[in-house]
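Q: quick one: sequence plus predicted model below, questions after.
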Amino acid sequence: MEKRTHWTVKEFAQVSRITAATLRYYDKIGLLSPLSRGENNDYRYYHGRRSPVLISFVPARN
């Protein structure tokens, strides 16, 4: 099985348990920027190493 290193906003939001809109907002305010953007489509691509950063400021949910 191939190990994933890059995720789209939707994919990263799902594994991080937040909404895609929240990720886009964090990017807009400079809190959590994507690793890269697609050359032809301007998609945001996140790296799995960003998850611990995200966990540190996303409030716990019940």
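A: Yep, it's here.
Q: and residue 36, how far from residue 17?
A: Residue 36 sits 23 Å away from residue 17, going by C-beta to C-beta, to the nearest Å. Bear in mind the C-beta positions are built from the backbone N, C-alpha and C, glycine included.
Q: likewise residue 10?
A: Look at residue 10 and residue 17: by C-beta to C-beta, they are 13 Å apart.
Q: same question, residue 47
A: Here residue 47 is placed at a distance of 17 Å from residue 17 (C-beta to C-beta).
Q: between those two, which one's more packed in?
A: Each of residue 47 and residue 17 has its neighbours counted (other C-beta atoms under 10 Å); residue 47 has more, 14 against 10.
Q: surely the more buried one meets residue 8?
A: No: using C-beta atoms under 8 Å, residue 47 is not in contact with residue 8, being 11.8 Å away.
Q: nearest residue to residue 32 other than its sequence neighbours?
A: Leaving aside its chain neighbours, residue 32 sits nearest to residue 26 (4.1 Å; criterion: C-beta to C-beta, 6 or more residues apart in numbering).
Q: find the helix or strand that the one you found is a member of.
A: Assigned by DSSP states H and E, residue 26 belongs to helix 20-28.
Q: and the helix or strand following that helix, what does it pack onto?
A: As assigned by DSSP H and E, the chain's next helix or strand after helix 20-28 is strand 36-37. For strand 36-37, the elements it packs on are strand 44-47, judged by 3 or more C-beta pairs under 8 Å, 6 or more residues apart in numbering; DSSP states H and E.
Q: sheet partners, orientation included, of the strand it packs on?
A: Strand 44-47 has its sheet partners listed here by DSSP bridges as strand 6-8 (antiparallel), strand 36-37 (antiparallel).
Q: downstream neighbour of the longest one in the secondary structure list?
A: Read in the C-terminal direction, the helix or strand following strand 6-8 is helix 9-16, with elements assigned using DSSP H and E.
Q: buried ones in that following helix, by neighbour count?
A: Using 16 or more other C-beta atoms under 10 Å as the test for burial, helix 9-16 gives 9, 12-13, 16.
Q: contact partners for residue 37?
A: Applying C-beta atoms under 8 Å, 6 or more residues apart in numbering, we find residue 37 in contact with 43-45.
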